[in-house]
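**Q** Next one to model:
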Amino acid sequence: MRPRLFSFDEWAEKRFQVACANREVLRCGSCDGFGKVEEVCHCCGGEKESTCSICEGHGAIEFEPGMLGSARDYFTGHDYQKDILSDLGAFSEWTGRDLPGLLVELGWAPFCEIYGREIKLGDFLGRRVA
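**A** Residues are numbered from 1 along each chain as shown. Below you'll find the model as predicted:
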């Protein structure tokens, strides 16, 4: 049986549980830590800046046990990709396996959805991968 990667929803739910249990304070992925988001007005098409509804303008989220909300609200596809690639990079070094080959074996779907069939491993692993 071929191993599989966590789906975004599975990863986000587990990450949410860990963040709550450890009372982590993380940068808000919705506003990139700025506390403000730019929205396009539904009636005139103009852009307006408003307070981020996820972090309530703080730029960070304080997780705590029993916290309500959907895990999808707190984490982005970029957070998911960065975390998965970091783990796979460590796994490939530990096993001596080629990282691009490992990604092909596991399937490209989670990464193709985010970057439209292009994966930039060097951006996340801090090194250039051919």
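
**Q** quick one: contacts for the residue nearest in space to the middle of the chain?
**A** Most central in the chain under Cα atoms, centre = their mean is Asp79, positioned 1.8 Å from the mean C-alpha point. By Cβ atoms under 8 Å, 6 or more residues apart in numbering, the contact list for Asp79 reads Arg15, Gly29. In this view, the C-beta of every residue, glycine as well, is placed from N, C-alpha and C.

**Q** That one - that's part of a helix, no?
**A** Yes - counting by DSSP: H, G, I helix; E, B strand; the rest coil, Asp79 is part of a helix.

**Q** Return the per-residue confidence for it.
**A** Listed pLDDT for Asp79 reads 83.

**Q** Tell me how far it lies from Trp94.
**A** 23 Å (Cβ to Cβ, to the nearest Å).

**Q** tell me the domain ranges of this structure?
**A** Per automatic domain parsing, the structural domains of the chain span 1-20+69-130, 25-62.

**Q** Which of those comes out lowest on mean pLDDT?
**A** Lowest mean pLDDT within the domains of the chain: domain 1-20+69-130, a mean of 71.

**Q** What ranges does the chain have for its helices?
**A** 8-21, 71-74, 77-95, 99-106, 109-115, 121-125 (DSSP state H).

**Q** want to throw those helices into TSV with distance to Glu39?
**A** TSV is the format used below for the helices of the chain (distance: least, Cβ to Cβ, whole Å):
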stretch	distance to Glu39
helix 8-21	23
helix 71-74	16
helix 77-95	19
helix 99-106	35
helix 109-115	22
helix 121-125	27
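
**Q** Out of these, the one nearest Gly29 is which?
**A** helix 77-95 (5.5 Å; Cβ to Cβ).

**Q** how much does that closest one deviate in direction from helix 8-21?
**A** 90 degrees (axes from the mean of the first three to the mean of the last three Cα atoms, to 10 degrees).

**Q** contact partners of stretch 31-46?
**A** So stretch 31-46 is contacted by 27-28, 30, 47-55, 57-60 (Cβ under 8 Å, 6+ apart).
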